[in-house]
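**Q** This is the structure alone, sequence omitted:
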């Protein structure tokens, strides 16, 4: 493979770790269990930015592609990202556009909704994804939330199609405005970032191992080795999006330099370019061990510190050991 093909592989790494699989299974149950019920089974997925919510939706949607037939479009899975600022009309318009309605933005909200219901039936829609649902919360209006909750409840009742809502944790506030809608979305899941303290980093290190198994590099980068995993966890706070930024840009740099592994210098550059701007208060963990002094936020054991420090001394000039007070005043 040439370097472009290898870079494509790095940019498309996908790891279905246990929590991903659990949520994918829940969506599948919601999708197909609804066929056996009078009222569709709906689901709400919340999580902070970068935890992989949209990746889950894309992964599930791959099994249900759009089909064009002589009789029209078949859209088994209707998926949109809610625009901002969000209104019911903007959401209906986008759903109609996704279904191919040439007059998607024409008519009143009521008329558009009637067309949407008809098109969903014609296109054999069996599941709806509404991503970025917190954009309704951004409007900060009780009236808006009441309107959207009533509209969504009626859409579910009229179409008998299950809906998966996806958004930041604050999106859950919409259920306070409609008890019937809340009951329909009683199936709720939270996709959180990795936690080191819960299992001493085992799940996170397993994830890094799975990522490295897909890297298009010849030599081992030892991403799941304790020392490297500690640095990755501090750099990313356990958020998948930051881990993958480090891995993808690091791979780009490695291939560009003719190198076959992700080492500290490469990852240090990746951190400065793609992570530091969001985490400006942090030291670069691929250059220094200072992060291990932050025991309040990162409960790494003392024995881990000794191991990492000893390894780091082999690649850097020996530096004066900083006290916690020195770090706090930087």
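**A** Thanks, I have it. Here the structure is a predicted model, which is why all the values come from computation and not from measurement.

**Q** Nearest residue to residue 209 in space, please, no chain neighbours.
**A** residue 224 (3.8 Å; CB to CB, 6 or more residues apart in numbering). Yep, even glycine has a C-beta here, placed from its N, CA and C like the rest.

**Q** Enumerate the strands of the stretch 151-300 of the chain by residue range, in sequence order.
**A** 163-167, 188-190 (DSSP state E, counting those that start in this stretch).

**Q** Out of those strands, flag the one nearest residue 78.
**A** Proximity to residue 78 (CB to CB) singles out strand 163-167 among the strands of the stretch 151-300 of the chain, at 9.5 Å.

**Q** Which neighbouring elements make contact with the closest one?
**A** strand 43-46, helix 53-61, strand 127-131, helix 134-137, helix 142-159 (3 or more CB pairs under 8 Å, 6 or more residues apart in numbering; DSSP states H and E).

**Q** repeat that with 10 Å
**A** helix 18-33, strand 43-46, helix 53-61, strand 77-81, strand 127-131, helix 134-137, helix 142-159, strand 188-190 (3 or more CB pairs under 10 Å, 6 or more residues apart in numbering; DSSP states H and E).

**Q** hey, least reliable of the ones you listed by pLDDT?
**A** In terms of mean pLDDT, the lowest-scoring of those is helix 134-137 (a mean of 85).

**Q** Pull the residues that contact it.
**A** Helix 134-137 is contacted by residues 46, 49, 81-88, 90-91, 130, 144-145, 147-149, 152, 165-174 when judged by CB atoms under 10 Å, 6 or more residues apart in numbering.

**Q** go again using 6 Å as the cut-off
**A** 82, 84, 86, 148, 167-168, 170-171, 173 (CB atoms under 6 Å, 6 or more residues apart in numbering).

**Q** can you tell me which residues contact residue 182?
**A** Applying CB under 6 Å, 6+ apart, the residues contacting residue 182 are residue 175.

**Q** Deepest-packed of the strands of the stretch 151-300 of the chain, please.
**A** strand 163-167 (a mean of 24; mean count of other CB atoms under 10 Å).

**Q** quick one: that one to chain centroid distance?
**A** How far strand 163-167 lies from its chain's middle: 13 Å, per CA atoms, centre = their mean, to the nearest Å.

**Q** likewise stretch 156-171?
**A** With CA atoms, centre = their mean, you get 18 Å for stretch 156-171.

**Q** Just the terminal-to-terminal distance for it.
**A** 18 Å (CA to CA, to the nearest Å).

**Q** about what we covered before: which one among the contacts of helix 134-137 gets closest to residue 203?
**A** Using CB to CB, the contacts of helix 134-137 come closest to residue 203 at residue 168, 22.4 Å.

**Q** any idea how far residue 53 is from the closest one?
**A** For residue 168, the distance to residue 53 (CB to CB, to the nearest Å) stands at 9 Å.

**Q** go on, residue 31?
**A** Distance from residue 31 to residue 53, by CB to CB: 17 Å.

**Q** And the residue nearest the centre of this protein?
**A** residue 52 (1.7 Å; CA atoms, centre = their mean).

**Q** Quick check, that one in contact with residue 240.
**A** Yes: using CB atoms under 6 Å, residue 52 is in contact with residue 240, at 4.8 Å.

**Q** For stretch 273-284, buried residues please.
**A** For stretch 273-284, the neighbour count (16 or more other CB atoms under 10 Å) marks 274-275, 282-284 as buried.

**Q** Quick one: the residues you listed as a markdown table, columns for distance to residue 58 and pLDDT too.
**A** Converted to a markdown table, those look like this (distance: CB to CB, whole Å; pLDDT from 0 to 100):
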| residue | distance to residue 58 | pLDDT |
| --- | --- | --- |
| 274 | 21 | 91 |
| 275 | 23 | 94 |
| 282 | 30 | 90 |
| 283 | 34 | 90 |
| 284 | 31 | 94 |
